[in-house]
Structures are given as structure tokens and as C-alpha cells.
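**Student:** Just the structure for this:
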Amino acid sequence: MFELKPDFLQVLERYEAWWACEIVDRPLVSMGFAKPWDEWVEVPAEEHVTWRERWMDTAYVVERTAAALHNRVAYADALPIAWPNLGPEVFSSFYGCPLVFGETTSWSEPILTEWDAEAVAQLRLDTENVYYRKILELTDALIEVGKDTFIVGTTDLHPGGDAIAAFRDPQALCLDMVERPDEVKALCERVTDDFIALYDVYDEKLKAAGMPSTTWLPATCRGRYHVPSNDFSCMISNRMFEEVFLPGIVRECRHMDRNIYHLDGPQALRFLDTLLAIPEIHAIQWVPGAGQDHWARWVEVYQRIQAAGKAFCLTVDVHELDDVMAVLRPEGAWLMVNGIADAEMADAALRRIVKWGR
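**Tutor:** Residues are numbered from 1 along each chain as shown. Sure, this is the predicted structure:
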């Protein structure tokens, strides 16, 4: 089906089983390693003057992305995925937030300097916006190059509270949550409407090209797949989160077939039980944060997720596989294994994971 993933249909069955906390033939596992040098495709030279110029150079981005996928083995259930990327706040840029580009990411600048009814009303998703058009251009270009070769997914979209925090600035939004929660909720509802409509634009384009649903977190499913999140929630109370932002998150999830919630940072752990109680959230991606990211510190979190009947993904070094398998069940576990150097090492690791699943 895809040159870089000829067993995709079999892999898709494992993802479907993972979402349901079941196992077809073995637990879900993603591994990858570099191909031998004599099989490499040349990576294009970088000749840009500014970071922005490089990010916005469609031909360069597509050629570099295709080369990177060709030069790496997507082993086991790893997927060769390309997705149009202008940074994690690109959704807010569609409303007019300027983007500032660095070497590996971008960030947006606030445009709602005062919470004024007229200024809020003027916040509109602009389909003629330069970044809106660039994402569509990148998507079309990746589809053209990747057809029958690799998988193209949607860009990284952060609607809801994270979008409003980008419009306003997170510290200012904290005050708004106290002074005008109803207005914030109303804006969140409107932004959620926009997100759902925009998601469908991307989904229809990719489905028409024969692409399965995927994005920056490289899972997939037979229908529509989404990664809901709200990093801003770390700065507010449980009551504020549940009253103002949770309804929008539920709406996002109900529009999809499969959802894995991106739970980022120790301050967000207090929302875990609330999220696990939502039927439309099928899995959790727990991200502890820099300096706290070793999985062994959070075994209880993964066990809570499993006890609730939800799936999860866990990044682990290949040398720690036995430790993981000793404390967690294989059902609903998606292991993203680092430290794989070659096919021999990958084969040995896979044999251990197969045994765990039995």
C-alpha cells in the first residue's frame, strides 16, 4: 500500500486493537533505525538566510522530509509519516498571531492585548492568511511526493484554551479566567467550531488522496484521529478547567473516532481522573516534562490509565524493556522504543515484546 510501509494494513489492525486495549498478535511497538549509507537518499543542502525562510520554503521542506523518511526504517508498527509543520501555535496564527521561527520550533505573539468585546469579535479564522495557505500548500506538496510511498497527516492543531492563551498571553488569560469566565468560554466555543470545520478540510483532502488519519503523534485508525490537549490548564483550577474548557474538549473528541489526550506536565496530573472518565478519550499520552521524563517515576500513572481501561504510549530505552514489561500489562500499551541501532537489535527487542504479549 505504501512503499515505505508495505505491511500497513496489518499494522493498522494492531492500532485498532491497541485503541480497544486488545492484542491481535502482539503489543503495539514502534522502532526505527537508519538504513545503511549506501541506501541513503541525498538530503538537500540548506542555503537559507533566515529560519523563517527555511520553514516557508515548501520545495525544500518536502524534499528534506521525503529524504529523511527514505533514509530510516519504520520497523514493527512505526509509520513513515510526514505532516505539514509550522510549529505548535499555527492554529492561532490563522487568526492573525504573528509567528516567530527558530531552528527547531516556532512561537506566536499575542494580538488580543486588551479583552475588549469588539476586539474579541474581530478574532476570526482567516482562510486567506499566509500561514493557513502555507499549510494547505505543504499538505498538497507532501501528498504529491508521498503518494503510494509514505503517509501524510494533519498539522499540529491546538484549539481551545491553548489557542486563546496564544491570542491573549497566558498570564493575562489567567486574570480573564477570574474576571470574565463566561466570555472566555464563549470564545472557546467559537474556536472549537472553527477547529472542527478546519479539521474536516484537512481530513477530506487527505482521505481523497488515500491517506489514513494521523498527525504529529504517529498513531492511526480507520476513521478520524485526534490529539486533544490543553497545556494552559496547568495554570488554572480544576473547576475552571471543567467549566470553561472541558466542554470544548469533549466536543472535539465526539467529532472524532479515536482520541489520545496529550497530558503535559505534573501540574496536569490532577485532571487525569476527569479525562479517564470521558468515554470519547481512548488513550493518554503522559508527558512528565524535562528532567522528570523517566518512565519509572510514573509507573503508578500508567497503572491508573490501564485500570481505567484506556490505552497509553510510553517512550522507553531498549535496554529497559524488561523493567517495563515487569510492571505493566501488554493490553493497551504502545511502546516507542529508543536506542535501536540496526535490524538485528530490533529483531531481538521485538521477540521479547512478542513473548510479553503472550
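**Student:** hey, let's count contacts and neighbours off CA atoms from now on
**Tutor:** Will do.
**Student:** counting contacts, what elements does the longest helix along the chain pack onto?
**Tutor:** Scanning the chain for the longest helix, with DSSP state H as the assignment, gives helix 181-208. Counting contacts by 3 or more C-alpha pairs under 8 Å, 6 or more residues apart in numbering; DSSP states H and E, helix 181-208 packs against helix 160-168, helix 246-254.
**Student:** now those as a markdown table including mean neighbour count?
**Tutor:** Compiled in a markdown table, the helices and strands packed on helix 181-208 are given as follows (neighbours: other C-alpha atoms under 10 Å):
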| stretch | mean neighbour count |
| --- | --- |
| helix 160-168 | 24 |
| helix 246-254 | 20 |
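**Student:** As a markdown table, those helices with mean pLDDT and distance to Leu79 would be great.
**Tutor:** Shown next, in a markdown table, are the helices and strands packed on helix 181-208 (pLDDT from 0 to 100; distance: least, C-alpha to C-alpha, whole Å):
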| stretch | mean pLDDT | distance to Leu79 |
| --- | --- | --- |
| helix 160-168 | 98 | 28 |
| helix 246-254 | 98 | 23 |
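**Student:** Kindly reformat those helices as a markdown table containing distance to Leu138.
**Tutor:** Converted to a markdown table, these look like this (distance: least, C-alpha to C-alpha, whole Å):
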| stretch | distance to Leu138 |
| --- | --- |
| helix 160-168 | 22 |
| helix 246-254 | 24 |
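**Student:** wait, which of those is closest to Gly146?
**Tutor:** Of all the helices and strands packed on helix 181-208, it is helix 246-254 that lies closest to Gly146, at 28.2 Å by C-alpha to C-alpha.
**Student:** From the rest of the structure, what touches the closest one?
**Tutor:** With C-alpha atoms under 8 Å, 6 or more residues apart in numbering as the test, helix 246-254 has contacts from Gly160, Cys188, Glu189, Thr192, Ile196, His226, Pro228, Ser229, Asn259, Ile278, Glu280, Ile281.
**Student:** Ranking by neighbours, what's the top pick from those?
**Tutor:** Gly160 (29 neighbours; other C-alpha atoms under 10 Å).
**Student:** That one touches Lys185, doesn't it?
**Tutor:** No. Between Gly160 and Lys185 there is no contact, the gap being 9.2 Å when judged by C-alpha atoms under 8 Å.
**Student:** where do the contact lists of the two overlap?
**Tutor:** By C-alpha under 8 Å, 6+ apart, the residues touching both Gly160 and Lys185 are Phe245.
**Student:** Next secondary structure element downstream of the lowest-mean-pLDDT helix or strand in the chain?
**Tutor:** Within the chain, no helix or strand scores below helix 117-121, which has a mean of 94 by mean pLDDT, DSSP states H and E. Per DSSP states H and E, the first helix or strand lying C-terminal to helix 117-121 is helix 130-146.
**Student:** Now that following helix: buried residues?
**Tutor:** Buried residues in helix 130-146, counting neighbours by 16 or more other C-alpha atoms under 10 Å, are found at Tyr131, Tyr132, Lys134, Ile135, Leu136, Leu138, Thr139, Asp140, Ala141, Leu142, Ile143, Gly146.
**Student:** Check stretch 224-244 too.
**Tutor:** Quick answer for stretch 224-244 (16+ other C-alpha under 10 Å): 224-234, 236, 240-242, 244.
**Student:** So which of those are in helices?
**Tutor:** Those of the buried residues of stretch 224-244 lying in helices (DSSP H): Met240.
**Student:** May I ask you to confirm that Pro110 belongs to a helix?
**Tutor:** No. Counting by DSSP: H, G, I helix; E, B strand; the rest coil, Pro110 falls outside a helix, being coil.
**Student:** Please name the nearest non-neighbouring residue to it.
**Tutor:** Of all residues not flanking Pro110 in the chain, Phe167 sits nearest, at 4.7 Å (C-alpha to C-alpha, 6 or more residues apart in numbering).
**Student:** quick one: the one you found and Cys97 touch, right?
**Tutor:** Yes. Using C-alpha under 8 Å, Phe167 is in contact with Cys97, at 6.7 Å.
**Student:** who touches both of these two?
**Tutor:** Glu109, Pro110, Ile111.
**Student:** from what I can see the first one touches Phe101, true?
**Tutor:** No. Glu109 is beyond contact range of Phe101, at 11.1 Å (criterion: C-alpha under 8 Å).
**Student:** what residues does stretch 124-133 touch?
**Tutor:** Contacts for stretch 124-133 (C-alpha under 8 Å, 6+ apart): Leu86, Val90, Ser93, Phe94, Tyr95, Gly96, Asp194.
**Student:** so which of these comes closest to Arg54?
**Tutor:** Leu86 (10.6 Å).
**Student:** Ramachandran angles for that closest one?
**Tutor:** Dihedral pair for Leu86: phi -120, psi 20, per degrees, to the nearest 10.
**Student:** re earlier: for the residue nearest to Pro110, give me its contacts.
**Tutor:** Each residue near Phe167 by C-alpha under 8 Å, 6+ apart is listed here: Ser92, Cys97, Glu109, Pro110, Ile111, Leu112.
**Student:** can you do 7 Å?
**Tutor:** Contact partners of Phe167, counting by C-alpha atoms under 7 Å, 6 or more residues apart in numbering, are Ser92, Cys97, Pro110, Ile111, Leu112.
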